[in-house]
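**Student:** here's a sequence, model it:
(chains A, B, C and D)
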Number of protein chains: 2
Amino acid sequence: MVSGSRSASVKDVAAAAGVSLGTVSNVLNRPHRVKPDTRARVERAMVDLGFVRNESARQLRTGTSQTLGYVMLDATNPFFTDVAQGIELAAEAADLSLFLCNSNNSARREDAHVARLIQQRVQGILITPVNPHSPALEVAVQRGLPLVLVDRARHDNAFCSVSVDDVLGGWLAVMHLIERGHTRIAFIGGSMELGQVRERLEGAQRAWAESDLPPEDLVVLETEALSVREGLAAGERLAGLARHPTAAFCANDMVALGLLQQTITLGLKVPSDLAIIGFDDIDFAGAAAVPLSSVRQPRMDLGRAAARLLLDETTNGDHHHQQLVFTPEVVGRASTAPVRG
Amino acid sequence: MVSGSRSASVKDVAAAAGVSLGTVSNVLNRPHRVKPDTRARVERAMVDLGFVRNESARQLRTGTSQTLGYVMLDATNPFFTDVAQGIELAAEAADLSLFLCNSNNSARREDAHVARLIQQRVQGILITPVNPHSPALEVAVQRGLPLVLVDRARHDNAFCSVSVDDVLGGWLAVMHLIERGHTRIAFIGGSMELGQVRERLEGAQRAWAESDLPPEDLVVLETEALSVREGLAAGERLAGLARHPTAAFCANDMVALGLLQQTITLGLKVPSDLAIIGFDDIDFAGAAAVPLSSVRQPRMDLGRAAARLLLDETTNGDHHHQQLVFTPEVVGRASTAPVRG
DNA sequence: TTGTAGGCGTTATCAA
DNA sequence: TTGATAACGCCTACAA
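**Tutor:** Okay, the predicted model is just below:
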């Protein structure tokens, strides 16, 4: 175990063990082909020299890496870390490394990450994109690089995708509010660049229309991002409205948590002054100031399923793209509990 | 842009542009050395062929990767994702990629991740270890691989480290409770394998001793992990105690949030029946059922500082190991507000 | 300004 | 069962 010097190569091991380089390679890749005592000698040398395979050289030679990449939309959102955990479990089971990247809602960073992953020659890319129609994604596909959309779908079957029916989720959330007697509500979320936001809003509007409520009583408050901070700000804007909605549907739980906090700070009661429902059902939702109702998505399963589709595409000759769509469900808690009156 | 076939190499580009391979390499690495129209021709060919540098080959040749690795202790804890974000910012500024790994509190997975990072020949490793004295870390150092401890320190100066004074943090938290008149409190956290937990407890015990309170009135409830789930369970155990503590100091906010939720579920009031203070001051702490008092650590700064130390070690010839210790501070909120009596 | 040649560490083929 | 050798794609001298 020499410190300071450059790390030992197969050649060094071969010299130390008094065998040829090919034999060392065999010990590494086809151990059964080499006589036990030679093997022992080689393995001994590897330990002595602190030999570690150089993955770059291996990749270069074999033309294939042992790595997957996941470009997440927002690493500070527990929803995505749970999705990532699902992916990681599947990757680990397949003995693959996972490159985790965070685009942080920036298309520029997303493109940079994808470019890097391609340079690294990862086996495949999982991505929750800012924009599922980004040219960067097409480029990956044109290179023959498997790519799976996570928490997003495309209707042209260009990639595999795993998603939740966001329109249905929005519909369920708003129906939940309507059932509790609310006739003037706010939709809070953004930016509208995000498909998740647009679709959840669309579902909300559908539910609204089906219930014959006047369109102007579904107020849309667009935020810059889906963060606690933006939720706090939205709370102030909401309080400033001429006619107060009695309920809010937030495009995700981070926004809902911020809104909840601000509402309480302003001296209002949840749910009597304002009912709130979020989306994702992250673990913190149930532990909030007022336990938060939310639309649950199967987070870990999303990740696991996405990784499985990717692995199928890399290994299965006659792979066909699939659009897996999970069904969300409302989890009712105190923040939308019925109030008398 | 040929689909299906293997990806284009510099050789292919050279052929397509009618120049030699060396010229293509020059366009890539020393563009000023090549005549503008030749360069244009080469760049055109690169676009046409969809050429992307093969990072493995580049690494193999140059002997150095453009990648850092961070092995995080628990990716579902927002504290660590914030630390990671700080690291990522610093890495991006230095034009380096970041391999994010999650040991999930498992020494086995931690070792596997470190081994993989070494195989990938990353420039350096940042790690929040399960155990800072793990042999796997020594191995990295013996290979001459820069390694920085994050949120953990070692006293033998074997690596750089960036941490928060956990003993002081524990001391501050408990002093905060003592000042509010509590004379029987619980420390909740675990496992005791984690240095963070041991040191926060040590600080708590010191504060207790300095205040001449009887040792048996500082009850220690060890948990399996620092998670919301374990906090919930601890809440039940706490309620089952013969003599109830009037306050709890939790080793982190996840545990505190779980405890808070359970306490409320059991029909008790916070802070009047039980005051609670956590550790980390994650964003969700302020948005909790009862806004949670906590010991704040400068999360992003921890990450940024760690990355800077690592970069210094990789680039600066006469680098000296440093132990950077940040000072925590108590953020008092409703969960420990004074109650009359 | 451009071209040629050698080698980074590994794997795989083929011969001994 | 083991050894010699070529090749993966790139970069960098050095030569033209």
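
**Student:** residue ranges for the helices of chain A, please.
**Tutor:** For chain A, the helices defined by DSSP state H cover A:10-17, A:21-29, A:36-49, A:55-62, A:78-93, A:107-119, A:135-142, A:166-179, A:195-210, A:228-239, A:253-265, A:299-315.

**Student:** chain A - how does it break down into domains?
**Tutor:** A:10-53, A:66-164+A:299-328, A:166-297+A:330-336 (automatic domain parsing).

**Student:** contact partners for residue A:82?
**Tutor:** Going by Cβ atoms under 8 Å, 6 or more residues apart in numbering or on different chains, residue A:82 touches A:282, A:299-300, A:303, B:76. For the C-beta atoms, the positions are set from N, CA and C on the backbone; glycine is no exception.

**Student:** how near is it to DNA strand D?
**Tutor:** Going from residue A:82 to DNA strand D by Cβ to the nearest atom of the strand, to the nearest Å gives 37 Å.

**Student:** what of residue A:308?
**Tutor:** Residue A:308 sits 29 Å away from DNA strand D, taking Cβ to the nearest atom of the strand as the criterion.

**Student:** quick one: contacts for that residue?
**Tutor:** By Cβ under 8 Å, 6+ apart, residue A:308 lies in contact with residue A:90.

**Student:** equivalent analysis for residue A:53, please.
**Tutor:** Listed by Cβ under 8 Å, 6+ apart, the contact set of residue A:53 reads A:28, B:119.

**Student:** state the pLDDT value of it.
**Tutor:** At residue A:53, the pLDDT value in this model is 94.

**Student:** the one 5 residues further on too?
**Tutor:** Looking at residue A:58, its pLDDT stands at 95.

**Student:** rewinding a little: and the domains of chain A as a markdown table, adding distance to DNA strand C?
**Tutor:** A markdown table is the format used below for the domains of chain A (distance: least, Cβ to the nearest atom of the strand, whole Å):
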| stretch | distance to DNA strand C |
| --- | --- |
| domain A:10-53 | 3 |
| domain A:66-164+A:299-328 | 10 |
| domain A:166-297+A:330-336 | 40 |
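
**Student:** nearest to residue B:144, out of these?
**Tutor:** For residue B:144, the closest of those is domain A:10-53, at 10.4 Å, according to Cβ to Cβ.

**Student:** so what's the gap between that closest one and the chain middle?
**Tutor:** Here the centre of domain A:10-53 is set off from its chain's centre by 42 Å, with Cα atoms, centre = their mean, to the nearest Å.

**Student:** how about that domain and DNA strand D, touching?
**Tutor:** Yes - contact between domain A:10-53 and DNA strand D, assessed by Cβ under 7 Å from any atom of the strand, occurs at A:18-23, A:26, A:33-35, A:38-39.

**Student:** dump the residues you listed to a markdown table, plus neighbour count, distance to residue B:334 and pLDDT.
**Tutor:** Shown next, in a markdown table, are those (neighbours: other Cβ atoms under 10 Å in any protein chain shown; distance: Cβ to Cβ, whole Å; pLDDT from 0 to 100):
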| residue | neighbour count | distance to residue B:334 | pLDDT |
| --- | --- | --- | --- |
| A:18 | 11 | 72 | 94 |
| A:19 | 19 | 70 | 95 |
| A:20 | 13 | 72 | 93 |
| A:21 | 14 | 68 | 93 |
| A:22 | 11 | 70 | 93 |
| A:23 | 21 | 69 | 95 |
| A:26 | 18 | 67 | 94 |
| A:33 | 10 | 69 | 92 |
| A:34 | 20 | 68 | 93 |
| A:35 | 9 | 72 | 93 |
| A:38 | 16 | 70 | 94 |
| A:39 | 18 | 66 | 95 |
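
**Student:** from those residues, which is closest to chain B?
**Tutor:** Closest approach to chain B among these (Cβ to the nearest Cβ): residue A:21, at 16.3 Å.

**Student:** for residue A:256, give me its contacts.
**Tutor:** Residues in contact with residue A:256 (Cβ under 8 Å, 6+ apart) are A:231, A:248, A:250, A:276-279, A:285, A:292, A:294, A:335.
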